[in-house]
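**Q** Need a 3D model of the sequence below.
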Amino acid sequence: MSKIILTGDRPTGKLHVGHYVGSLRRRVELQNSGEFDKIFIMIADAQALTDNADNPEKVRQNIIEVALDYLSVGLDPAKSTLFIQSQIPELTELSFYYMNLVTVSRLQRNPTVKSEIAMRNFETSIPVGFFTYPISQAADITAFKATTVPVGEDQEPMLEQCKEIVRKFNSVYGEALVEPEILLPDNAACLRLPGIDGKAKMSKSLGNCIYLSEEPESIQKKVMSMFTDPNHLRVEDPGQVEGNPVFIYLDAFAKDEHFAEFAPDYANLQEMKDHYSRGGLGDVKVKRFLNNVLQAELEPIRNRRKEFQKDIPYVYEVLRKGSQVAEEVAAQTLADVKAAMKINYFDDKELIAMQSAKYEEKND
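**A** Numbering: from 1, shown residues only. Here you go, the predicted structure:
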């Protein structure tokens with residue numbers, strides 16, 4: 001079996017460092033590993049419209065922002081297929097068939113759906129399209145016969161529901177769909193990067209992000225305002241490393257070479273953590289170090305983005321060609337699904353012959 005990746009992002013704004021450590025950085029590593037036969041990376045505009053239906057321009061304008069972020073982090077159109085979800089009509093049809101395999105109560109139990117509904121204050125006014133997000137995501141994944149889906153920890157319930165849909169379909173209609181496996185970040189700090197305000201999740205809607213394309217001055221301002229240990233009031237006080245956003249970011253980004261360059265008093269992050277824990281290391285010094293680390297990591301990404309911004313037609317051409325490739329693959333999967341469900345009436349020569357024979361007997 002081919003090894004195939006499917007992953008993507010909703011175009012509701014520029015991508016941030018949470019996206020980067022949670023999935024983007026890993027995607028580039030996987031793309032360049034040579035281990036996978038195909039890699040599909042989707043800009044999920046149709047999904048974004050499920051809770052932005054009254055503001056389609058927001059989604060439309062952010063297509064290019066996400067595409068620029070993809071290219072700037074190192075996703076290569078020669079190695080990965082970058083495409084736009086809404087340009088693949090087969091995904092909608094697959095979703096429609098999968099809806100018959102999932103109950104309302106099962107969707108209501110999905111932890112990701114529940115948390116997203118609460119975060120958006122939908123209460124009882126939940127858009128049906130948003131409510132059925134797990135079904136749509138299953139269509140996205142199975143359309144490309146993805147074997148691997150690299151995502152953050154918050155998407156794990158969605159992948160489990162996708163697997164359930166695949167198993168149900170295959171048990172009812174026959175083995176037509178591939179069951180995917182989730183690939184979580186191997187660095188625990190990257191599972192879910194907190195917001196700079198200390199909230200559990202970095203989110204565009206909460207305004208607690210550091211964006212990949214942010215200018216140096218803005219990054220510095222946000223880092224220096226970050227939430228830390230509220231009980232670490234004086235430099236000499238022992239500090240709490242566990243759950244401290246500044247150290248979580250360092251876990252995700254800091255490398256030993258950063259210490260040699262920006263904090264030569266420490267050989268590695270553990271030494272800095274030990275000093276903070278026993279007291280004598282102030283938050284300002286740690287934040288300055290984090291700022292230097294982030295600036296070093298994000299500067300090449302920002303510079304590449306500025307180069308791609310000089311040729312926007314090229315970026316749209318990448319997406320157009322990628323969408324053509326993606327549709328061809330999805331069309332083949334849809335044909336397989338319809339054949340398994342026996343609703344490929346005009347291609348089913350056996351059905352036509354059987355019906356012909358039946359009515360010939362009646363006529364006799």
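**Q** ok, so what distance separates the nearest residue in space to residue 341 that is not next to it in sequence from residue 166?
**A** Using Cβ to Cβ, 6 or more residues apart in numbering and skipping residues adjacent in sequence, the residue nearest residue 341 is residue 173, 5.3 Å away. Yep, even glycine has a C-beta here, placed from its N, CA and C like the rest. Going from residue 173 to residue 166 by Cβ to Cβ, to the nearest Å gives 11 Å.
**Q** More neighbours: these two, which one.
**A** Neighbours were counted for residue 173 and for residue 166 using other Cβ atoms under 10 Å; residue 166 has more, 21 against 17.
**Q** Can you name the element that comes right after the helix or strand where that one lies?
**A** Here residue 166 sits within helix 156-173, counting by DSSP states H and E. The element immediately downstream of helix 156-173 (helix or strand, assigned by DSSP H and E) is strand 181-183.
**Q** so what secondary structure elements neighbour the helix or strand following that following strand?
**A** Downstream of strand 181-183, the first helix or strand assigned by DSSP H and E is helix 216-224. Here helix 216-224 touches helix 283-308, going by 3 or more Cβ pairs under 8 Å, 6 or more residues apart in numbering; DSSP states H and E.
**Q** helix, strand or coil for residue 78?
**A** coil (DSSP: H, G, I helix; E, B strand; the rest coil).
**Q** So which bits of the helix ranked longest in the chain are buried?
**A** Taking DSSP state H as the criterion, the chain has its longest helix at helix 312-341. When neighbours are counted by 16 or more other Cβ atoms under 10 Å, the buried residues of helix 312-341 are found to be 315, 318-319, 322-323, 326-327, 329-330, 333-334, 336-338, 340.
**Q** Packing partners of it?
**A** With contacts defined as 3+ Cβ pairs under 8 Å, 6+ apart, helix 312-341 has these neighbours: strand 38-43, helix 56-73, strand 81-84, helix 90-98, helix 133-143, helix 156-173.
**Q** Which pLDDT value belongs to residue 188?
**A** If you check residue 188, the pLDDT there is 66.
**Q** just the one 3 residues further on next, same as before
**A** The predicted local distance difference test score for residue 191 is 67.
**Q** and the end-to-end length of stretch 339-350?
**A** 12 Å (Cα to Cα, to the nearest Å).
**Q** Which residues does that stretch contact?
**A** Stretch 339-350 is contacted from outside by 97, 169, 173-174, 176, 335, 338, 351, using Cβ atoms under 8 Å, 6 or more residues apart in numbering.
**Q** for these, which one is nearest residue 121?
**A** residue 97 (31.7 Å; Cβ to Cβ).
**Q** so who does that closest one touch?
**A** 337, 341.
**Q** mind checking how far stretch 338-353 is from the chain centre?
**A** Distance, stretch centre to chain centre, for stretch 338-353: 36 Å (Cα atoms, centre = their mean, to the nearest Å).
**Q** any idea of the mean pLDDT in it?
**A** 94.
**Q** Tell me where the model's unsure across the protein.
**A** Scanning the chain with the threshold set as pLDDT under 70 gives 187-191, 364.
**Q** The closest residue in space to residue 53 that isn't next to it in sequence and residue 222: what is the separation?
**A** Residue nearest to residue 53 in three dimensions, not counting chain neighbours: residue 127, with 6.8 Å by Cβ to Cβ, 6+ apart. Remark: distance between residue 127 and residue 222 (Cβ to Cβ) = 32 Å.
**Q** count of residues packed around residue 68?
**A** Residue 68 has 22 nearby residues by other Cβ under 10 Å.
**Q** Check residue 354 too.
**A** Burial of residue 354 is recorded as 11 neighbouring residues (other Cβ under 10 Å).
**Q** okay, how far is it across stretch 47-60, tip to tip?
**A** For stretch 47-60, the first-to-last residue distance is 12 Å (Cα to Cα).
**Q** Start and end of stretch 142-159, how far apart?
**A** 11 Å.
**Q** Sorry, wrong one. I was asking about stretch 14-34.
**A** Termini of stretch 14-34 sit 28 Å apart (Cα to Cα).
**Q** quick one: that stretch to chain centroid distance?
**A** What separates the centre of stretch 14-34 from the centre of its chain is 9 Å, taken as Cα atoms, centre = their mean.
**Q** One more: stretch 69-77?
**A** For stretch 69-77, the distance to the chain centre is 14 Å (Cα atoms, centre = their mean).
**Q** the inter-axis angle of the helix holding residue 166 versus helix 133-143?
**A** Angle, helix 156-173 to helix 133-143, by axes from the mean of the first three to the mean of the last three Cα atoms, to 10 degrees: 60 degrees.
**Q** by contact count, what packs against helix 156-173?
**A** Using 3+ Cβ pairs under 8 Å, 6+ apart: helix 156-173 touches helix 111-119, helix 133-143, helix 312-341.
**Q** buried sites along that helix?
**A** 157-159, 161-166, 169, 173.
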